[in-house]
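Participant: Turn this into a model:
(one chain, ligands or ions: 1)
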Amino acid sequence: MVHRPLEGRLVRLRAREPRDEELAYQFFNDPEVTEFLAMRYPFSRLQEREALSVPARWPGAAFAIETLEEGRFVGTCSLDVVSAESRRAELGIAIGDKGFWNRGYGTDAVRTLCRFGFEEMNLHRVELEVFAENARARHVYERLGFVVEGARRDGWFQAGHYQDMIVMGLLEGELRLEG
Ligand SMILES: CC(C)(COP(=O)(O)OP(=O)(O)OC[C@H]1O[C@@H](n2cnc3c(N)ncnc32)[C@H](O)[C@@H]1OP(=O)(O)O)[C@@H](O)C(=O)NCCC(=O)NCCS
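Facilitator: Below you'll find the model as predicted:
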């Protein structure tokens with residue numbers, strides 16, 4: 001059987017391409033999509049083009065998320081290696097097409113990305129920070145095995161108030177591959 005490390009049950013992770021620019025521009029200027037992302041300022045077409053033209057912060061990895069069924073571009077995800085010696089990377093994910101929220105795509109993309117991180121990039125630890133008010137994302141991460149490790153209290157100011165930034169981590173062997 002052909003080894004397809006970037007395929008999940010619903011999504012395939014692939015390289016980001018110039019053709020993604022228009023949709024990515026829409027995704028990352030949609031206030032509902034960016035509500036829980038550290039993207040406070042409008043994202044210009046030039047920034048989007050630059051993001052597409054520069055490889056992920058090496059030795060990290062950045063992907064477009066497309067549906068297996070239709071090959072539709074629905075979001076992006078990444079693993080930025082923050083310490084090669086400690087085999088540690090920071091995870092980012094956004095399903096930018098809101099029509100695909102709450103349908104399992106985010107869970108499948110994060111699972112596929114983490115599996116790739118452990119099995120192909122030989123990571124030991126995947127970590128992230130999630131806004132305390134981002135209940136959906138926190139649920140997804142916990143379901144996949146991420147553990148709450150702490151909080152940056154009042155770490156994020158937005159809409160006139162502070163919220164905590166929850167620190168979560170997943171060690172190799174802890175990813176829930178099923179369910
Ligand atoms: C967060 C995100 C990646 C999740 O992807 P998704 O495809 O919508 O999520 P899924 O459908 O795979 O799973 C959603 C889960 O959250 C649950 N959920 C939805 N809203 C919830 C809420 N308000 N509180 C708790 N759980 C909630 C769903 O019931 C589902 O759980 P289940 O599968 O156990 O029933 C996606 O919504 C997204 O990209 N949002 C905008 C950007 C963002 O927040 N990125 C993460 C930054 S840390």
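Participant: switch to C-alpha atoms for all contacts and neighbour counts from now on
Facilitator: Fine.
Participant: Name the surrounding residues that touch the helix or strand of the chain with the lowest mean pLDDT.
Facilitator: Every helix and strand in the chain was compared by mean pLDDT, DSSP states H and E; the lowest is helix 45-53, with a mean of 88. With contact meaning CA atoms under 8 Å, 6 or more residues apart in numbering, helix 45-53 is reached by 16-18, 21, 24-25.
Participant: Write out the residues of the chain neighbouring the ligand.
Facilitator: 33, 36-37, 93-96, 101-107, 130, 135-137, 139-140 (CA under 6 Å from any ligand atom).
Participant: which of these count as buried?
Facilitator: Among these, the ones that count as buried by 16 or more other CA atoms under 10 Å are 33, 36-37, 93-96, 105-107, 130, 137, 140.
Participant: coming back round to it: looking at the contacts of helix 45-53, state which has the most neighbours.
Facilitator: Neighbour tally across these (other CA atoms under 10 Å): the maximum, 25 neighbours, falls on Ala24.
Participant: residue boundaries of the strands in this protein?
Facilitator: 11-14, 61-67, 73-83, 88-95, 125-131, 147-158, 161-171 (DSSP state E).
Participant: got a list of what the spatially most central residue of the chain touches?
Facilitator: The centroid of the chain falls nearest to Ile93 when counting by CA atoms, centre = their mean (1.7 Å). Ile93 makes contacts with 75-78, 106, 110, as judged by CA under 8 Å, 6+ apart.
Participant: Of those residues, just say which sits nearest to the ligand.
Facilitator: Gly106 (3.3 Å; CA to the nearest ligand atom).
Participant: List the contacts of the spatially closest residue to that closest one that is not a sequence neighbour.
Facilitator: The shortest distance from Gly106 to any non-neighbouring residue, by CA to CA, 6 or more residues apart in numbering, is to Ile95 (6.5 Å). Each residue near Ile95 by CA under 8 Å, 6+ apart is listed here: 33, 65, 74-76, 101, 105-106.
Participant: run the last query once more with 7 Å
Facilitator: Taking CA atoms under 7 Å, 6 or more residues apart in numbering, we find Ile95 in contact with 74-76, 101, 106.
Participant: any idea how far it is from Arg87?
Facilitator: 26 Å (CA to CA, to the nearest Å).
Participant: ok, now Arg152?
Facilitator: Arg152 is 23 Å from Arg87, by CA to CA.
Participant: just Ala151 next, same as before
Facilitator: Distance from Ala151 to Arg87, counting by CA to CA: 22 Å.
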